[in-house]
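**Q** Structure for the following, please:
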Amino acid sequence: MEPRDLYGLPLERFVVERGALAKALRADGKRDEAAEAAKLRKPSVAAWAVNQLVRTQSRGVKALFKAGDQLQRAQADLLAGKGDAGKLRAAAEREREAVDELTEAARGLLSSEGHELGSATLDRVSDTLHAGALDDDARTQVQDGCLERELRHVGLGAFGELVASPPAPKRDRAAEKAAEKAEAEHRRALERANRDVETAQARRDRAADALREAEQALAAARASAEEAAPAYRRRGG
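**A** Okay, here's the model as predicted:
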């Protein structure tokens, strides 16, 4: 077993197998490698879930990275005056859908206690996938499949930090004003796109919560009906 293989194991086996690996390396005289293996940190549940997705959902992970690239290009085009807010919103929605599909796949994973992953853990899985889509360093870590802790993308709205543009060449005042006006319009369009995406995501989240509550209420009603049925039949109903 290689050290990276530990991160593909069921979470409850990590510590035991880490110890066995370190012991085997020491027996082979590889003391430095054994010491490094012994220091490997057990991943958090969210990080472990992302590691499993990388190993089992390769098509979905590739789609996530592709959507992230498209979103970054749409943002850059809009800021450069070559794109529009509609394309940016569409790219943001594709990236969000890719994140949601993988997060839904993670929902089927079980914790070391045999329980389904909770909503807070799934939120951290989603944050980590979003970071991997939009941040190069985060993507490298996600692709490696050996995360120890979840990641979070920090930046402007859903799209990350804006990179400062290089100094513009000298030009006459009228041209400068026109350029400033165009840049301000592009930035306002980006801000509107950010707000539209965040509003849509909030509506989707509320709808998902309402659906879950309705499903739970339906399940409870069915259970009550099943419990009441025998007594009803005994009374001759």
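**Q** What about Val16, how many residues nearby?
**A** Residues near Val16, counting by other Cβ atoms under 10 Å, number 10. C-beta: built from backbone N, CA, C; applies to glycine.
**Q** For it, which three-state class applies?
**A** helix (DSSP: H, G, I helix; E, B strand; the rest coil).
**Q** Quickly note the distance from it to Leu88.
**A** For Val16, the distance to Leu88 (Cβ to Cβ, to the nearest Å) stands at 48 Å.
**Q** Please apply the same query to Ala24.
**A** For Ala24, the distance to Leu88 - Cβ to Cβ - is 52 Å.
**Q** Please say which of the two ends up with more neighbours.
**A** Set side by side, Ala24 and Leu88 show more neighbours around Leu88, with 26 against 14, by other Cβ under 10 Å.
**Q** How about residues contacting the helix or strand hosting Glu36?
**A** Using DSSP states H and E, Glu36 sits in helix 31-38. With Cβ atoms under 8 Å, 6 or more residues apart in numbering as the test, helix 31-38 has contacts from Pro3, Arg18, Gly19, Leu21, Ala22, Lys23, Leu25, Arg26.
**Q** Give the next helix or strand downstream of that helix.
**A** Using DSSP H and E, the first helix or strand after helix 31-38 is helix 45-56.
**Q** buried sites along that next one?
**A** By 16 or more other Cβ atoms under 10 Å, the buried positions in helix 45-56 come out as Val45, Ala46, Ala47, Trp48, Ala49, Val50, Asn51, Gln52, Leu53, Val54.
**Q** Kindly reformat these as TSV containing distance to Arg94.
**A** Output for the buried residues of helix 45-56, formatted as TSV (distance: Cβ to Cβ, whole Å):
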residue	distance to Arg94
Val45	28
Ala46	23
Ala47	25
Trp48	27
Ala49	22
Val50	20
Asn51	24
Gln52	23
Leu53	18
Val54	20
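**Q** Out of those, which is nearest to His130?
**A** Val50 (11.1 Å; Cβ to Cβ).
**Q** Okay, and the spatially closest residue to the closest one that is not a sequence neighbour sits in which element?
**A** Residue nearest to Val50 in three dimensions, not counting chain neighbours: Thr128, with 5.0 Å by Cβ to Cβ, 6 or more residues apart in numbering. Using DSSP H and E, Thr128 sits within helix 119-134.
**Q** Return the alpha-carbon coordinates of the following helix or strand past that helix using CSV.
**A** The first helix or strand that comes after helix 119-134 along the chain, using DSSP H and E, is helix 136-144. What follows is helix 136-144, C-alpha atoms only, in CSV (Å, rounded to 0.1, in the frame of the first residue of the first chain):
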residue,chain,number,x,y,z
ASP,A,136,-5.9,26.5,-9.3
ASP,A,137,-4.2,25.6,-6.0
ALA,A,138,-7.4,24.1,-4.7
ARG,A,139,-7.9,22.2,-7.9
THR,A,140,-4.5,20.6,-7.6
GLN,A,141,-5.3,19.5,-4.1
VAL,A,142,-8.7,18.1,-5.0
GLN,A,143,-7.4,16.2,-8.1
ASP,A,144,-4.7,14.5,-5.9
